[in-house]
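A.B. asks: For reference, the sequence and a predicted model appear below.
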Amino acid sequence: MDTQFAEKVASGFKAAGDRMGRLESDLKECEQVLKSNQGQLRRLLGMIGEATRTGVAPDGQPYRRFWPTDEHAEYFGEIILAALGKKSLDSYAHRDLGEAVPSAGGVLVPDELRLPWIDALGRYGKFRANTTVVPMTSGSAKVPRLRTDLPVECPGEGMAASKGNVTFSQVTLTPKTWIALTAVSNELDEDAMVGVGEIVGRSTARSMAKQEDLVGFAGDGTETYFGMTGIVGALRNVDATIGDIAGLKVGTGNAYSELTLGDFRGVVELLPEDVDEDAAWFMSKKFYYSVVYPLAEAAGIANLFDILSDRKGRYLYGYPVVFTSAMPSTEANSQICALLGDLRVAAYLAERKAFTIEASRDVYFGNYQTGIRAVERIDVNVFNVGDTTNPGAVVGLITAAS
């Protein structure tokens, strides 16, 4: 065999071996990149299934393509390019989730999941869902409140009409920042079959909504309620003597077992006619089924249709009943246990910064964890619960002092 030819063959085999070694190394690197991003890839593919199911892409357009949006396709491409060693994902690692998915990086949760979380605020938050939400563009604002309507007169033929006045007062809104913060193991996120970020996000939305309810309904101005006063606190602030508060019906006794249907009818009698149309009851589910419903059964009002049907609508004296855990379920003296009224004309929920979810690996970098932070900047202001002479837009039932 020609020596030069043999050397060329050996050189060729060596080059091929080196190439195979590099390919093996590249494949291992590719595997590592794909493995480290499997959580993001799984959720991207999950979005395809969701868009297919609903027929609507995350951008609100009809879904007709494989990827829900061009941004999702681009982000998937970035992951694959990084796996092939063509591009680094470092630029995607520490962005918040308040932007589109590629810039957010999908550190833990894609941006599209924010929409269900925001929806959850309305679903779980009974105060937000029933009051007036006021968007704000500054750190503090004075919002007008209509006090009296424009008078109407009939001056007669050829007679001049008198100028009437609409009177306003001002409600000051000063939002405060609410924060919920947690840290999640990166291994948990990478290995989880269900997106950990989605679970944490829904939990956070529920917590925010429940806190809004606690402040909006039960707030008494203390630190527990972030210094804000809700409906119950505003009613109690009218006067130290509960019998002198025009918007409260004092129950027959201080125990739930002593309350009567007449007590609830008395609350209805207090409600001003101008807020009657959109009024609703607000009470805890336990209070409704341990106090109100037994009274209806005893009076022969409740029937088998109400008990056995799948109808979930609940009414009391013609007004819908809204359940909220912010209202009490355990009896106490001088306790406002049920409310009736129109929250939209009784209170404002000012929103300077809407509910936002952000994620970062910076703070917990050494622990190999991702920090998840939920933020909203809001204020609750209750301004129409009446005084010692006239009831306001929301009235209530209070148990006796003893």
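C.D. replies: Yes, it's here. The structure presented is a predicted model; accordingly, all values stated were derived computationally and were not measured.

A.B. asks: any low-confidence regions in the stretch 1-150 of the chain?
C.D. replies: 1-23, 25-26, 29-61, 63-123, 143-150 (pLDDT under 70).

A.B. asks: So what does the residue lying closest to Glu331 once chain neighbours are set aside have for phi and psi?
C.D. replies: Closest residue in space to Glu331, ignoring its immediate chain neighbours: Tyr256 at 4.5 Å, by C-beta to C-beta, 6 or more residues apart in numbering. Backbone N, C-alpha and C define where each C-beta goes, glycine included. Its backbone dihedrals place Tyr256 at phi -60, psi -40, with angles given as degrees, to the nearest 10.

A.B. asks: quick one: contacts for Tyr256?
C.D. replies: Applying C-beta atoms under 8 Å, 6 or more residues apart in numbering, one finds that Tyr256 lies in contact with Phe287, Ser290, Val291, Glu331, Cys337, Thr399.

A.B. asks: quick one, strands of the stretch 251-400 of the chain?
C.D. replies: For the stretch 251-400 of the chain, the strands identified by DSSP state E, counting those that start in this stretch occupy 280-283, 315-316, 319-323, 336-341, 347-360, 369-382, 394-398, in order along the chain.

A.B. asks: Which among those is found nearest to Gly251?
C.D. replies: strand 394-398 (5.9 Å; C-beta to C-beta).

A.B. asks: Can you tell me what sits against that closest one?
C.D. replies: Where contact means C-beta under 8 Å, 6+ apart, the residues beyond strand 394-398 that reach it are 231-232, 235, 242, 245, 247-251, 259, 263-264, 266-267, 270-271, 334-343, 346-347, 384-386.

A.B. asks: how about 6 Å then?
C.D. replies: Here strand 394-398 makes contact (C-beta atoms under 6 Å, 6 or more residues apart in numbering) with 231, 235, 242, 247-251, 263, 267, 270-271, 336-341, 346, 385.

A.B. asks: Any buried residues in that strand, and which?
C.D. replies: With burial defined by 16 or more other C-beta atoms under 10 Å, the residues of strand 394-398 counted as buried are Val394, Val395, Gly396, Leu397, Ile398.

A.B. asks: With pLDDT as added columns, please give these in JSON lines.
C.D. replies: Compiled in JSON lines, those are given as follows (pLDDT from 0 to 100):
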{"residue": "Val394", "pLDDT": "98"}
{"residue": "Val395", "pLDDT": "98"}
{"residue": "Gly396", "pLDDT": "98"}
{"residue": "Leu397", "pLDDT": "98"}
{"residue": "Ile398", "pLDDT": "98"}
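
A.B. asks: Looking at these, spot the one nearest Ala296.
C.D. replies: Set against Ala296, the nearest of the buried residues of strand 394-398 by C-beta to C-beta is Leu397 (15.3 Å).

A.B. asks: Give me the spatial nearest neighbour of that closest one, chain neighbours excluded.
C.D. replies: Excluding the flanking residues, the one nearest Leu397 by C-beta to C-beta, 6+ apart is Ala338, at 4.5 Å.

A.B. asks: Repeat that for Lys353.
C.D. replies: In space, Lys353 comes closest to Arg377 once its chain neighbours are excluded; the distance is 3.7 Å by C-beta to C-beta, 6+ apart.

A.B. asks: is it true that the one you found touches Phe355?
C.D. replies: No: the pair Arg377 and Phe355 fails to qualify as a contact (C-beta atoms under 6 Å) at a distance of 9.7 Å.

A.B. asks: ok, these two, which is more surrounded?
C.D. replies: For Arg377 versus Phe355, neighbours defined as other C-beta atoms under 10 Å are more numerous around Phe355 (23 against 18).

A.B. asks: Do a quick rundown of the helices in the stretch 151-300 of the chain.
C.D. replies: Under the criterion DSSP state H, counting those that start in this stretch, helices of the stretch 151-300 of the chain are mapped to 186-191, 196-213, 231-236, 261-270, 285-287, 293-298.

A.B. asks: Make a markdown table from the strands of the stretch 251-400 of the chain and add distance to Gly221 to it.
C.D. replies: Conversion of the strands of the stretch 251-400 of the chain to a markdown table gives the following (distance: least, C-beta to C-beta, whole Å):
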| stretch | distance to Gly221 |
| --- | --- |
| strand 280-283 | 20 |
| strand 315-316 | 29 |
| strand 319-323 | 24 |
| strand 336-341 | 15 |
| strand 347-360 | 14 |
| strand 369-382 | 11 |
| strand 394-398 | 17 |
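
A.B. asks: looking at those, which is closest to Gln211?
C.D. replies: Shortest separation from Gln211 across those is recorded for strand 369-382, at 9.7 Å, computed as C-beta to C-beta.

A.B. asks: strands paired with that closest one, and their directions?
C.D. replies: The strands beside strand 369-382 in its sheet (DSSP bridges) come out as strand 176-185 (antiparallel), strand 347-360 (antiparallel).
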